[in-house]
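Novice: Got a predicted model here, sequence first, then my questions.
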Amino acid sequence: MNDQGASGMVIDCESIGRTYREGPGKLTIFSDISLRVAAGETVSIVGSSGAGKTTLLNLLGGLDQPTSGDIRICGERIHRLSEGRRALFRSRNLGFVYQFHHLLPEFTALENVMMPCALGQQSLKDARERARSILEQVGLGDRLAHKPAELSGGERQRVAIARALVNDPQCVLMDEPTGNLDEQTANSVQAMIESLRDRLGTAFVVVTHDTGMARRLGRVMRLEQGQLHEDHEVAP
């Protein structure tokens, strides 16, 4: 894994805000949010629809730019990097998992997981070996040659998680990773997140409506009315 920043935090955000132009006026999603996440920690972000949870995740991933404040990921101010350097930084340090797995249907599970390695300019041999290893770790060692249509919903999400982990990122950002899964499969994905976090020391930031899963995974933050605060009242 890559080195953390001087603060010892994988994520270290101070007073970040995001405002959008809306016609002649402005729409402020939030204006003063701070968040710190350590290596091997899972932080779940809950809140009502439209509160800005996905916007925050996009800022953490360098997919959007803050209007104000400072975002450090692994010690790097990602919002100050050029677009090309930011893309390279993401590929080396961050993994992404979404509610919809976004696998490429014409490629096998192994080929889908290999793609971030290829973008990181690894050799084909190394990419294949790394993808095979991580798929085995998520319990899909016997499904390497299957295409997404040949996999169950839970298996497709496991492939997506393997793809997010294949470059050994410091942090994985997840947006409703169990939103389309039945309860049993969602519990399986949750257990896998915990296992990978504990074995690999990866930090996870999970946006979810599943408050029970959020509490079981670890620290819970609630985003409401532009404020992010620790939530001690989420039911287990």
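Specialist: Everything's here; your move. Given the structure is predicted, the values throughout are model-derived calculations rather than measurements.

Novice: got the CA coordinates for the lowest-mean-pLDDT helix or strand in the chain in PDB?
Specialist: Sorting the helices and strands of the chain by mean pLDDT, DSSP states H and E puts helix 183-200 at the bottom, at a mean of 81. Taking Å, rounded to 0.1, in the frame of the first residue of the first chain, the C-alpha atoms of helix 183-200 are listed here in PDB:
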ATOM      1  CA  GLU A 183     -30.700  -9.500   2.700                       C
ATOM      2  CA  GLN A 184     -28.700 -12.700   2.700                       C
ATOM      3  CA  THR A 185     -26.500 -11.500  -0.100                       C
ATOM      4  CA  ALA A 186     -26.100  -8.100   1.500                       C
ATOM      5  CA  ASN A 187     -25.000  -9.700   4.700                       C
ATOM      6  CA  SER A 188     -22.400 -11.700   2.700                       C
ATOM      7  CA  VAL A 189     -21.000  -8.600   1.100                       C
ATOM      8  CA  GLN A 190     -20.900  -6.900   4.500                       C
ATOM      9  CA  ALA A 191     -18.900  -9.800   6.000                       C
ATOM     10  CA  MET A 192     -16.500  -9.700   3.000                       C
ATOM     11  CA  ILE A 193     -15.900  -5.900   3.600                       C
ATOM     12  CA  GLU A 194     -15.100  -6.600   7.200                       C
ATOM     13  CA  SER A 195     -12.700  -9.500   6.300                       C
ATOM     14  CA  LEU A 196     -10.900  -7.500   3.600                       C
ATOM     15  CA  ARG A 197     -10.600  -4.500   5.900                       C
ATOM     16  CA  ASP A 198      -9.100  -6.600   8.700                       C
ATOM     17  CA  ARG A 199      -6.800  -8.600   6.500                       C
ATOM     18  CA  LEU A 200      -5.600  -5.900   4.100                       C
END
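
Novice: how about that helix: buried residues?
Specialist: The neighbour-count check on helix 183-200 (16 or more other CB atoms under 10 Å) flags 185-190, 192-193, 196-197, 200 as buried. All C-beta atoms are positioned from the backbone trio N, CA, C, and that covers glycine.

Novice: Same check on stretch 13-26?
Specialist: Buried-residue list, stretch 13-26, by 16+ other CB under 10 Å: 13, 16-18.

Novice: Low-confidence bits of this protein, can you list those?
Specialist: Low-confidence segments of the chain (pLDDT under 70): 1-7, 99-100, 118-121, 233-236.

Novice: Can you pull up the most central residue in it?
Specialist: By CA atoms, centre = their mean, the mean C-alpha position of the chain lies nearest to Leu173, the distance being 1.2 Å.

Novice: secondary structure class for that one?
Specialist: Under the three-state scheme (DSSP: H, G, I helix; E, B strand; the rest coil), Leu173 adopts strand.

Novice: follow-up on the earlier one: of the buried residues of stretch 13-26, closest to His101?
Specialist: Nearest to His101 among the buried residues of stretch 13-26, counting by CB to CB, is Arg18 at 26.4 Å.

Novice: In a strand, the closest one, correct?
Specialist: Yes - under three-state DSSP, Arg18 falls within a strand.

Novice: I figured it hits Leu59, correct?
Specialist: Yes - under the criterion of CB atoms under 8 Å, Arg18 makes contact with Leu59 at 6.4 Å.

Novice: okay, and the common contacts of these two?
Specialist: Both Arg18 and Leu59 are in contact with Pro66, where contact means CB atoms under 8 Å, 6 or more residues apart in numbering.

Novice: Thank you, goodbye.
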